[in-house]
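**Student:** have a look at this fold, sequence not included:
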């Protein structure tokens, strides 16, 4: 055997050993990944396009109470609470059709024994090269204890708010009765009116705080919001309270009807309140970026000119002007609503008497082109 053949043989043997080593590394990597998934602290599952459970880790079985063999014979529809199923399917269809890449929602599974358990579900999909969905990837986290704490807090807030509302309501009714049924000198009547107005104001403060605490205790994720047509929402606000409101073209956003109505109603009411008799208030969409809409509420009012006021107006109980009625809660509530959606809110003003523009971002239901307001 010549030296050249011996050298070539050794090189081939070395190459085979190296290839086997690389294959071993790949195998070890896959095994490490599978072990990590299997021993994960949250449930991880692969779901077929028909809802069939394809693969599940140990935690999923623990959450729903079925063995792996039992669960693989079922669909996620079989173990989803009937009241949560349609919403889950709607969001899943939005992922399938490409409207959104992922979604997150709180829902209930029905355990094997018949009891239900609250989970936070996050879903994405894997697609074939032709963009058709191959399967869905679900992450499932048990949030039963979190839900119980939130329900206890909401009950406490509701009961406390109800009790706190009673006193100012009673005082308002009593003072109104006294003013209407008895005659008083000018000073006494003035004092009764002050008490009446303060009682009404206190009731508004309690209602505002109730709304703020309820919002903060809500664990709903932006991924679980449904599409809301802002044009329809603003049309209702315009027709019911502000007939002169100018509404430009608006998109559909991923939110809840209640939250977005409260957000716009507060901002529009403030705009009219601080603009006087010749108020011109406009609502529109300035642009789209990163699947968020940049929206605005613009007025021709007194403006914001004091140093540092642009940031402080969103603080709780911060009142920019004492000659205009208000609780100091509305803008803090708006800030919390926007941030709940992963957006941000700020105000722009050129100075005294030059009006204000409140700008904020909300997530879109689908990707849009450039906006013209």
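**Tutor:** Arrived safely, thanks for sending. Computed from a predicted structure; not experimentally measured.
**Student:** and residue 119, that's in a strand?
**Tutor:** Yes - the assignment for residue 119 (DSSP: H, G, I helix; E, B strand; the rest coil) places it in a strand.
**Student:** can you tell me the helix or strand for residue 242?
**Tutor:** Under the criterion DSSP states H and E, no helix or strand holds residue 242.
**Student:** count of residues packed around it?
**Tutor:** Counted by other Cβ atoms under 10 Å, the residues lying close to residue 242 total 19. Every C-beta, even on glycine, is put in place using the N, C-alpha and C of the backbone.
**Student:** any idea how far it is from residue 259?
**Tutor:** Noted for residue 242: a distance of 19 Å to residue 259, by Cβ to Cβ, to the nearest Å.
**Student:** with residue 125 instead?
**Tutor:** From residue 125 across to residue 259, the span is 27 Å (Cβ to Cβ).
**Student:** who has more neighbours, the two?
**Tutor:** Between residue 125 and residue 259, counted using other Cβ under 10 Å, the more crowded position is residue 259 (21 against 18).
**Student:** mind checking the SS state of the more buried one?
**Tutor:** helix.
**Student:** in contact with the residue lying closest to it once chain neighbours are set aside, which residues?
**Tutor:** Nearest residue to residue 259 in three dimensions, chain neighbours excluded: residue 337, at 5.1 Å (Cβ to Cβ, 6 or more residues apart in numbering). When contacts are counted by Cβ atoms under 8 Å, 6 or more residues apart in numbering, residue 337 touches 215, 259, 260, 262, 263.
**Student:** export those as JSON lines, with columns for pLDDT and distance to residue 233.
**Tutor:** Output for the contacts of residue 337, formatted as JSON lines (pLDDT from 0 to 100; distance: Cβ to Cβ, whole Å):
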{"residue": "215", "pLDDT": "64", "distance to residue 233": "18"}
{"residue": "259", "pLDDT": "83", "distance to residue 233": "10"}
{"residue": "260", "pLDDT": "87", "distance to residue 233": "6"}
{"residue": "262", "pLDDT": "85", "distance to residue 233": "10"}
{"residue": "263", "pLDDT": "89", "distance to residue 233": "9"}
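**Student:** greatest separation within those residues: which pair is it?
**Tutor:** Maximum pairwise distance among the contacts of residue 337 (Cβ to Cβ): 12.5 Å, between 215 and 260.
**Student:** so where's this protein shaky on pLDDT?
**Tutor:** 1-37, 39, 153-154, 156-165, 200-225, 305-310, 316-328, 366-373 (pLDDT under 70).
**Student:** how's it carved up into domains?
**Tutor:** Domain segmentation of the chain under automatic domain parsing yields 39-142, 147-219, 222-373.
**Student:** how near is residue 259 to residue 166?
**Tutor:** Distance from residue 259 to residue 166, by Cβ to Cβ: 27 Å.
**Student:** actually residue 102, sorry about that
**Tutor:** Residue 102 is 45 Å from residue 166, by Cβ to Cβ.
**Student:** do the same with residue 139
**Tutor:** Computed as Cβ to Cβ, the residue 139 to residue 166 distance reads 45 Å.
**Student:** who has more neighbours, the two?
**Tutor:** Neighbours of residue 139 and residue 166, each counted by other Cβ under 10 Å, are more numerous for residue 139; the result is 19 against 12.
**Student:** helices of the protein, residue ranges please.
**Tutor:** 3-38, 58-64, 68-71, 76-79, 82-96, 144-181, 186-217, 230-240, 257-273, 309-312, 330-340 (DSSP state H).
**Student:** gap between the third one and the chain center?
**Tutor:** In this view, helix 68-71 has its centroid 34 Å away from the chain centroid, taken as Cα atoms, centre = their mean, to the nearest Å.
**Student:** buried residues in that helix?
**Tutor:** residue 71 (16 or more other Cβ atoms under 10 Å).
**Student:** what does it rub up against?
**Tutor:** Here helix 68-71 has contacts from 53, 56, 60, 61, 64, 79, 112, using Cβ under 8 Å, 6+ apart.
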